[in-house]
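Novice: build me a model from this:
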Amino acid sequence: MSAGEATGSGRGVRRRLAAPLGVLVSLLALYVALQGVDLQSALARLQRAEPLPLVAILGVIGAQLILRTVRWRALLAIARPAMPIRLATLLPILLIGYLGNTALPARLGEPIRAFLAARAEHLDSGVVFGTVVLERLLDTASLAALAFGAALVLGAPAWLTQAAGLAALGGVAVVTALLAGGLGLLGRVLVRAEVRLPSRPLAGALRFVRFVAAGAAANRERRAAGLALTISGACWLLDGTTFWLVGQSLGVEFAPAAALLIAAVTMLGTALPSAPGYLGTFELAAAGTAAALGVPPSSAFLLAVLAHVMTVAPSALGGAVALSVSGMGMASLSSAVKEDAWIAAVR
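Specialist: Predicted coordinates:
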């Protein structure tokens, strides 16, 4: 067997193992999250839920979608500043990407939306994906900072405050590097290093980082990154509002800062490998954080489940409508993305 065949075989094994591993993690997370939960009591409380706060969540999610579309357009302007992309073009693409994140493993919705935007606007797929990666970096940095602030306000348990503090410190370092053009410098170094590397898989990985660097800091648009960071903070505050409204619906009282901290830890927890839709990892992170802040286990688990439904279902439904209107299928999109040139460079 040649080196190329062996490498391809190894990648195939990893891809085949990814889905079962995600399902296993989800099942374990659900098992842990259900410890101490009285399901009968939780169902009884769900039947008494107030509907008006849940209706209000739909408005919150709509505002988030608009803000996130504006944020992505600002970052895409780095690649094409002369001709901003219309929000009406990006919104359905963003919704399809969120549907892909929900229905497919490994957040495949992110490369799918990069592929669709690049095709619609005749841009380089690698550069567009670089803006998506930059968006995620800024998103995580702002989320960690807000989580740390909320933990300090609440006087949260030491382990939770320390974890949020470390994440916030890392986020500050990443944002500082971005605003200083650190990824641009890294990209130039890697371009030179790639020529000297005998290992093709490693060279492919470095090409991927180069694409990210090109999308993130090629023209040093600090204002775009700053705007995106501000919008990310606003979106996370709205996410905290969603958890607070779910608590109001269920009669579970906690401070807005607690809702923000629960939302932050939950979103960070969805980065773990899991079954599609963040099943299990979402519930464990949300219920575990709520319980650490004094919410009874049954109420904490119900809060997590209902928040999961309310945050994922509207965007996924919007994505399904956008996908139907486009005339495409998620399976065909996934296959097209895997065949795209910038993906092929790192497979």
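Novice: contacting residues around stretch 37-56?
Specialist: When contacts are defined by CB atoms under 8 Å, 6 or more residues apart in numbering, stretch 37-56 is touched by residues 245-246, 248-251, 297-299, 301-302, 306, 310. Bear in mind the C-beta positions are built from the backbone N, C-alpha and C, glycine included.
Novice: any idea which helix or strand comes after the particular helix or strand that has residue 126 in it?
Specialist: Using DSSP states H and E, residue 126 sits in helix 125-154. Counting by DSSP H and E, the next helix or strand C-terminal to helix 125-154 is helix 158-179.
Novice: work out the gap between stretch 254-264 and the centre of the chain.
Specialist: Centre-to-centre, stretch 254-264 and its host chain are 18 Å apart (CA atoms, centre = their mean, to the nearest Å).
Novice: which ones are touching residue 297?
Specialist: Residue 297 touches 35-38, 287, 291, counting by CB under 8 Å, 6+ apart.
Novice: buried only: go through the residues you listed for me.
Specialist: Among the contacts of residue 297, those classed as buried by 16 or more other CB atoms under 10 Å are 37, 287, 291.
Novice: re the thing from before, helices - which of the contacts of residue 297 land there?
Specialist: When DSSP state H defines the helices, the subset of those inside them is 287, 291.
Novice: quick one: residue 225 from residue 134, how far?
Specialist: To residue 134, residue 225 is 7 Å away according to CB to CB, to the nearest Å.
Novice: got phi/psi on residue 279?
Specialist: phi -60, psi 130 (degrees, to the nearest 10).
Novice: related to what we said a few turns ago, ok, so of the contacts of residue 297, who is nearest residue 126?
Specialist: Closest approach between the contacts of residue 297 and residue 126, by CB to CB: residue 287, at 38.8 Å.
Novice: so what's the closest one up against?
Specialist: Contacts of residue 287 (CB under 8 Å, 6+ apart): 33, 297, 300-301, 303-304.
Novice: could I get the residues you listed as TSV with distance to residue 328?
Specialist: Output for these, formatted as TSV (distance: CB to CB, whole Å):
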residue	distance to residue 328
33	35
297	43
300	39
301	37
303	36
304	33
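Novice: ok, residue 224 touching residue 73?
Specialist: No: at 9.5 Å, residue 224 does not count as touching residue 73 under the criterion of CB atoms under 8 Å.
Novice: returning to what we had before: want to throw the contacts of residue 297 into TSV with distance to residue 46?
Specialist: Listed next are these as TSV, based on distance: CB to CB, whole Å:
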residue	distance to residue 46
35	19
36	18
37	13
38	12
287	14
291	18
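Novice: residue ranges with poor pLDDT in this protein?
Specialist: 1-18, 178-221, 340-347 (pLDDT under 70).
Novice: what residue lies at the spatial centre of this structure?
Specialist: residue 136 (6.4 Å; CA atoms, centre = their mean).
Novice: and the closest residue to that one other than its chain neighbours, what element?
Specialist: Leaving aside its chain neighbours, residue 136 sits nearest to residue 110 (7.4 Å; criterion: CB to CB, 6 or more residues apart in numbering). Residue 110 belongs to helix 109-121 when assigned by DSSP H and E.
Novice: next, count neighbours for residue 329.
Specialist: 11 (other CB atoms under 10 Å).
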